[in-house]
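Chemist: structure for this input, please:
(2 chains)
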Amino acid sequence: GNSVTQMEGPVTLSEEAFLTINCTYTATGYPSLFWYVQYPGEGLQLLLKATKADDKGSNKGFEATYRKETTSFHLEKGSVQVSDSAVYFCALSGSNYKLTFGKGTLLTVNP
Amino acid sequence: GAVVSQHPSWVICKSGTSVKIECRSLDFQATTMFWYRQFPKQSLMLMATSNEGSKATYEQGVEKDKFLINHASLTLSTLTVTSAHPEDSSFYICSARDGIADPGGYTFGSGTRLTVV
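Modeler: All right, here's what the predicted structure looks like:
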């Protein structure tokens, strides 16, 4: 079956630091890949997505590239802000359109 | 953009009572709705998938008689937790997909915090 493995947290950074959260996946076929963000007590918000190999998703300074050869979709941001503090989930959707989530990574950015 | 309204955002109920959670797509047709459960500091666990006008498909280990899902229209799905017990306390999140206009898109509700006392 499909699975997503993402970097265990928590991750604590200082403001303006570089962020990488690793995500790898196992899936049959050609899944779509997503990063979602969850702020405390809220639902999930789509951060970015990529639907085919070599696609780069980007939003609000975050980027991730769909790497089929390494089955990865690592999230990066060049300079984090305090407001980026949240839980980040990597996910994939396969042919059945169900989303499979990673376990989530808690990011805390200190001023 | 697509918006999903979920309410209530939080609810406290007595053990043995039933609670209904609503999930509405405000500006698109939700051909498929997904219901998730999230435990503290954990990932989302898919409970069931429902297509408009059809019976929900439950994931393994989820009691369909306890978690009743109705998806009677293209804009509304409900999850009813029947005879709730303290172990049902959790954060429940819905997600909707428009299989026609945007098959690869998923929009999430803001979640419902259920506490059973």
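Chemist: ok, A:Lys56 - contacts?
Modeler: With contacts defined as C-beta atoms under 8 Å, 6 or more residues apart in numbering or on different chains, the neighbours of A:Lys56 are A:Ala50, A:Glu63, A:Ala64, A:Thr65, A:Tyr66. From N, CA and C alone the C-beta is placed, and that goes for glycine too.
Chemist: who's the closest residue in space to the last one that isn't next to it in sequence bridged to?
Modeler: The one in question is A:Tyr66. Distances taken as C-beta to C-beta, 6 or more residues apart in numbering or on different chains put A:Ala50 closest to A:Tyr66, at 3.9 Å, once the chain neighbours are dropped. A:Ala50 has these beta-bridge partners by DSSP bridges: A:Leu33.
Chemist: from the contacts of A:Lys56, which land in strands?
Modeler: Members of those lying in strands (criterion: DSSP state E): A:Ala50, A:Glu63, A:Ala64, A:Thr65.
Chemist: residue ranges with poor pLDDT in chain B?
Modeler: Within chain B, no stretch has pLDDT under 70.
Chemist: show me what from it comes close to chain A.
Modeler: Applying C-beta under 8 Å from any C-beta of the partner chain, we find that chain B lies next to chain A at B:6, B:32, B:34, B:41-44, B:46, B:49, B:93, B:95, B:97, B:99, B:103-111, B:113.
Chemist: filter those residues to the buried ones?
Modeler: Among those, those buried by neighbour count (16 or more other C-beta atoms under 10 Å in any protein chain shown) are B:6, B:32, B:34, B:43-44, B:46, B:49, B:93, B:95, B:97, B:105-111.
Chemist: how about the CA coordinates for stretch A:90-101, as CSV?
Modeler: Extracted as CSV, the C-alpha positions of stretch A:90-101 are listed here (Å, rounded to 0.1, in the frame of the first residue of the first chain):
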residue,chain,number,x,y,z
CYS,A,90,3.5,15.5,3.8
ALA,A,91,0.8,13.5,1.9
LEU,A,92,0.2,11.7,-1.3
SER,A,93,-3.0,10.7,-3.2
GLY,A,94,-3.1,7.7,-5.3
SER,A,95,-5.4,6.2,-7.9
ASN,A,96,-8.2,5.9,-5.3
TYR,A,97,-7.9,9.6,-4.4
LYS,A,98,-7.5,8.8,-0.7
LEU,A,99,-4.8,10.9,1.0
THR,A,100,-2.1,9.1,2.9
PHE,A,101,-0.4,11.3,5.5
